[in-house]
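>>> Sharing a model that was predicted from the sequence below.
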Amino acid sequence: MRVETVRFGTLEVADDQIFTFPMGLLGFANHKEFLIIDHTHESPFKWMQSCEDPELAFILTDPLFFRADYHIAARKGELQVIDPSDEIDLVVSVIMTVPDDPKDMSANLLAPLVFNMANRLGMQYVLTNNRYPVKYYVMREKDPSVPDPTGAAELRSISLR
């Protein structure tokens, strides 16, 4: 599949590299297919590029890189659109907003993205509690208990109930 992008030019990708969001994203319901691209190999950030709109891309990261206590306990039924058979297949990312001043960089912790790596389906999961904000200012509110990012992969940010 050929994906046209503003940031990365034309990309040739295999169908199994595409994530499908059956319900789209908040504010982008008509965008269903996305490609995940590493920002750099050393960076904790990734790009989620729309396969349908060359200009639409989001910066993502694992919330555990800056919030060691970030955790979602979801019911299987709430995630049924991505058919979660095993929580080990689920990966959580949050959408970042990166303005001109990096000190104002924020993460949307209230509406994370949940990816099912087994079937390449994704969804935006809006939390119903007020535990996490829509705008968590990463540089201002840095959690000192966050482990080194290389160890963050051992932690789980989602569990199924």
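All right, it came through fine.
>>> Tell me the strands beside the longest strand that the chain contains, with direction?
Longest strand in the chain by number of residues, with DSSP state E as the criterion: strand 90-97. Paired strands of strand 90-97, with direction, are strand 57-61 (antiparallel), strand 106-107 (antiparallel), strand 113-116 (antiparallel) (DSSP bridges).
>>> how about CSV for the ones you listed, with distance to residue 7, mean neighbour count and mean pLDDT added?
Quick note: C-beta positions are derived from backbone N, CA and C, even for glycine. Listed next are these as CSV, based on distance: least, CB to CB, whole Å; neighbours: other CB atoms under 10 Å; pLDDT from 0 to 100:
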stretch, distance to residue 7, mean neighbour count, mean pLDDT
strand 57-61, 6, 20, 96
strand 106-107, 20, 24, 96
strand 113-116, 19, 22, 98
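>>> Just want the most central residue of this protein.
By CA atoms, centre = their mean, the chain has its centre lying nearest to residue 93, at 2.8 Å.
>>> how far away is the residue nearest to it when sequence neighbours are not counted from residue 128?
Leaving out its chain neighbours, the residue that sits closest to residue 93 by CB to CB, 6 or more residues apart in numbering is residue 60, at 4.2 Å. Remark: distance between residue 60 and residue 128 (CB to CB, to the nearest Å) = 22 Å.
>>> before we move on, what about residue 39?
Applying CB to CB, the value for residue 39 to residue 128 is 31 Å.
>>> out of these two, which sits in the more crowded spot?
Comparing residue 39 with residue 128 by other CB atoms under 10 Å, the one with more neighbours is residue 39, at 13 against 8.
>>> Once you drop chain neighbours, what's closest to residue 157?
Closest residue to residue 157 apart from its sequence neighbours, by CB to CB, 6+ apart: residue 92 at 4.4 Å.
>>> Contacts only, for the one you found.
By CB atoms under 8 Å, 6 or more residues apart in numbering, residue 92 lies in contact with 62, 63, 70, 72, 112, 113, 114, 115, 157, 158.
>>> do the same with residue 133
Contacts were defined as CB under 8 Å, 6+ apart; by that measure residue 133 touches 109, 110.
>>> so which strand or helix has it?
Assigned by DSSP states H and E, residue 133 belongs to neither a helix nor a strand.
>>> Quick check, pLDDT for it.
pLDDT for residue 133: 93.
>>> show me what contacts the residue nearest to the centre of the chain?
Here residue 93 is in contact with 46, 48, 60, 61, 62, 63, 112, 113, 115 (criterion: CB under 8 Å, 6+ apart).
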